[in-house]
Structures are given as structure tokens and as C-alpha cells.
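Novice: Here's a sequence, model it:
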Amino acid sequence: MATAKKGDKVRVNYTGKLEDGSIFMTTLMGEPIQFILGEGRVIPGFEKAIIGMEVGEWKSIVIPEAYGPHIENFTSVEERSQMPQDFEPVIGEQFQIRERDGRVHHAKILSFTDTEITFDMNHPLAGQDLTFDINLVEIL
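Specialist: Model (predicted):
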């Protein structure tokens, strides 16, 4: 039977779990994800785990700090005047900010004043070891 290798287009189901076992994401209730191995469209440890798998195979892996380390002072201070006029900040509220080049950044409001808003720019899962249960559905 063929095994997945770099350059293959694959379809994968997975469940991602936090250290306490709670699920933060699963594809089992919807469609598998599809990507080309080696393009870097998924986190590196996830992609590496799929290489060598056979169609139908299940694998469970732990990826330490899957989204990188949590950086204590990775913040951005923005002027409130740059926000939409009706924007009401709420401490702890999370956003995804898409750059013009398509990159996505995560931000969470840490604090605000009448003139500024301070955002934590770490990915919400930064610093956490994550477990992924992976099923290789198909090699296209």
C-alpha cells in the first residue's frame, strides 16, 4: 500500500486536544482537511507525522509548543482612533487580523485607555503542548 510522502496531496481527519484532554478542534463532524505535504500550510509536527502513513491509518502524536512559545511581552499598542468608530473594546476579546499579503495574526485585548488599546499578539495556543489524533483519509 502507498504511503504519504512530501509532495502528495492528502485528505486528513484529526482531533486536536489540550494537555487536559479537552478538544479544541476536530474535523470528524465535517470534511477532512486537504493540503500538499511539504508546502508548510499546517504546523510542522503535524505534517511530519503524516509522512509515511498509509491510507486508513490512525496516529496519535504530541507536539510540544505546537504554535511556538508564549512570549510574555509580545504586545502591540494601537491608537483607538484607528479602530472603527463604534468599536467597544472588551478585555480578553480575541481577533484574527488578516494582513494584505494574506498572513493572519492573532490578537487579544489586554488593556485599553481612552486613547490606546494593548493587544497580546501570541497565538491563543502558544506555549501549549498539543495532542493530535490523525487519520489519513486519502492520498489524491
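Novice: mind giving me the domain split of this protein?
Specialist: Domain segmentation of the chain under automatic domain parsing yields 9-67+126-139, 75-120.
Novice: For the helix-or-strand element of the chain with minimal mean pLDDT, which helices and strands make contact with it?
Specialist: In the chain, the helix or strand scored least confidently by mean pLDDT, DSSP states H and E is strand 94-98, which has a mean of 85. Using 3 or more C-beta pairs under 8 Å, 6 or more residues apart in numbering; DSSP states H and E as the contact definition, the elements that strand 94-98 packs against are strand 104-112. (C-beta placed from N, C-alpha, C; glycine too.)
Novice: Can you check what angle separates the strand it packs on from strand 94-98?
Specialist: 140 degrees (axes from the mean of the first three to the mean of the last three C-alpha atoms, to 10 degrees).
Novice: oh, and call the first residue 52 from now on, that's how I've got it
Specialist: Will do, 52 is the new start, and the previous item becomes strand 155-163.
Novice: Can you mark which positions in strand 155-163 are buried?
Specialist: Applying a neighbour-count criterion of 16 or more other C-beta atoms under 10 Å, one finds 157-160, 163 buried in strand 155-163.
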